[in-house]
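S.K.: only geometry, no sequence info:
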């Protein structure tokens, strides 16, 4: 029996670095939360992420070899954070020979919103200092240039994350509520995706909304609006 077979049904590890708060969580094979932590990312994703993963697993008494799979948030988000998160998750999946599943962070935030059951959640995320990204469930993210406001229907509810000063107080409060449930929904959605076979490790890509100065937008497979795979 291989190590991967032996770990089948083991706990799953979820990582998300798409927002200003890094999320690391452990859950059962069916996505029930076991332990989670979150911390302000700043510019220290690469410096702190793996240590945070190791601490959470140690506190939960879960050894790497027991993991049954890896879940990673794919954005939308900024280049640096997503790149570190995806690289870390892929390295763990490859090194442990475990399946990996990408979950759009926006899907998890929408699912975690208090108004998700109504189906009218409109999620706003930052895209650089002036632009924003609008996401509705089941549709690709759409860039809103600076100064452009979203067109809302009568039953829509605006949820804003990481947009202090660029969205209403009510939308920001709903965004914080959604962020509080992000780990839970990453685990739930990721467990379902792992159960369906997960993603191709080599083709799993993030949804970048901004690139650092001097970085080109090629190759195309690294700068796409996709939900985990092309």
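M.R.: Received, thanks. Everything numeric here is computed off the predicted structure, so don't read it as measured data.
S.K.: could you use CA atoms for every contact and neighbour count after this?
M.R.: Noted.
S.K.: show me the shaky parts of this protein.
M.R.: The chain contains residues with pLDDT under 70 at 1-7, 44-46, 117, 210-230.
S.K.: and the helices in it, which stretches?
M.R.: Secondary structure of the chain (DSSP state H): helices at 3-7, 45-60, 79-96, 105-112, 169-180, 182-195.
S.K.: which non-adjacent residue is nearest the most centrally placed residue in the chain?
M.R.: Centroid-nearest residue in the chain: residue 73, 2.3 Å away (criterion: Cα atoms, centre = their mean). The spatially closest residue to residue 73, leaving aside those adjacent along the chain, is residue 16, at 4.6 Å (Cα to Cα, 6 or more residues apart in numbering).
S.K.: what sits against that neighbour?
M.R.: Applying Cα atoms under 8 Å, 6 or more residues apart in numbering to residue 16 gives the contacts 22-24, 72-74, 82, 85, 105.
S.K.: what's the spacing between it and residue 81?
M.R.: 9 Å (Cα to Cα, to the nearest Å).
S.K.: same question for residue 169.
M.R.: Counting by Cα to Cα - residue 169 and residue 81 are separated by 26 Å.
S.K.: who's more crowded, those two?
M.R.: residue 81 (24 against 14; other Cα atoms under 10 Å).
S.K.: tell me the spacing between that one and residue 20.
M.R.: 9 Å.
S.K.: residues near the closest residue to residue 37 other than its chain neighbours, how many?
M.R.: The shortest distance from residue 37 to any non-neighbouring residue, by Cα to Cα, 6+ apart, is to residue 24 (5.5 Å). Residue 24: 25 surrounding residues under other Cα under 10 Å.
S.K.: do the same with residue 155
M.R.: Residues near residue 155, counting by other Cα under 10 Å: 10.
S.K.: per-domain residue ranges of this structure.
M.R.: Using automatic domain parsing, the domain parsing of the chain gives 3-106+181-222, 117-178.
S.K.: pick the most deeply packed of the ones you listed.
M.R.: domain 3-106+181-222 (a mean of 20; mean count of other Cα atoms under 10 Å).
S.K.: wait, what's in contact with the closest residue to residue 156 other than its chain neighbours?
M.R.: Of all residues not flanking residue 156 in the chain, residue 120 sits nearest, at 4.4 Å (Cα to Cα, 6+ apart). Contact partners of residue 120, counting by Cα under 8 Å, 6+ apart, are 136, 155-157.
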